[in-house]
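Asker: Let's see this in three dimensions:
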Amino acid sequence: MNIVSWNCKGLGSKQKEEEIRSLIRLETPDILLIRETKLEEKSFLQVNRNLRRKSGGQAVSARGASRGMGAL
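Answerer: A predicted model of the protein is given here:
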C-alpha cells in the first residue's frame, strides 16, 4: 500500500491542482493525504472530483485561513 502525505499550504489554485495531478501520476498513491488545504469540506470534495474524476474522499474543513485536511 502506497500512502502519500503533503502539506500543500493552500489548495485553491489551478497550479496546486496540477501539482497534485503530477504527484498522483508519479507516486500512484492508494491514499493521498493533503494537509493545510485552507478549504471547506465541500470545496475540497469538489477538488477531489476534478482531480480523480470520482466522488468520495474525506475532508475536515479549515478554520478561517488555517487548517483543513483531506484524503483522496
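Asker: ok, residues contacting the lengthiest helix in the chain?
Answerer: Secondary structure of the chain read by DSSP state H shows that its longest helix is helix 14-27. With contact meaning Cβ atoms under 8 Å, 6 or more residues apart in numbering, helix 14-27 is reached by 2, 4, 6, 8, 10-11, 29, 32, 34, 47, 50-52. Quick note: C-beta positions are derived from backbone N, CA and C, even for glycine.
Asker: Show me the strands in this protein, by range?
Answerer: Taking DSSP state E, the strands of the chain run over residues 3-7, 31-35, 58-60, 69-71.
Asker: Output the first one as PDB, nothing but the C-alphas.
Answerer: This file holds the C-alpha atoms of strand 3-7, laid out as PDB (Å, rounded to 0.1, in the frame of the first residue of the first chain):
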ATOM      1  CA  ILE A   3       0.300   6.400   1.200                       C
ATOM      2  CA  VAL A   4       1.400   9.900   0.400                       C
ATOM      3  CA  SER A   5       1.000  12.900   2.700                       C
ATOM      4  CA  TRP A   6       1.500  16.500   1.500                       C
ATOM      5  CA  ASN A   7       1.300  19.900   3.300                       C
END
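Asker: between the strands of the chain, which one is nearest to K42?
Answerer: Of all those, strand 58-60 sits nearest to K42, with 8.2 Å by Cβ to Cβ.
Asker: and that closest one, what does it pack onto?
Answerer: helix 41-52, strand 69-71 (3 or more Cβ pairs under 8 Å, 6 or more residues apart in numbering; DSSP states H and E).
Asker: so what secondary structure elements neighbour the shortest one?
Answerer: When you say that, I think you mean strand 69-71. Secondary-structure packing of strand 69-71 (3+ Cβ pairs under 8 Å, 6+ apart): strand 31-35, helix 41-52, strand 58-60.
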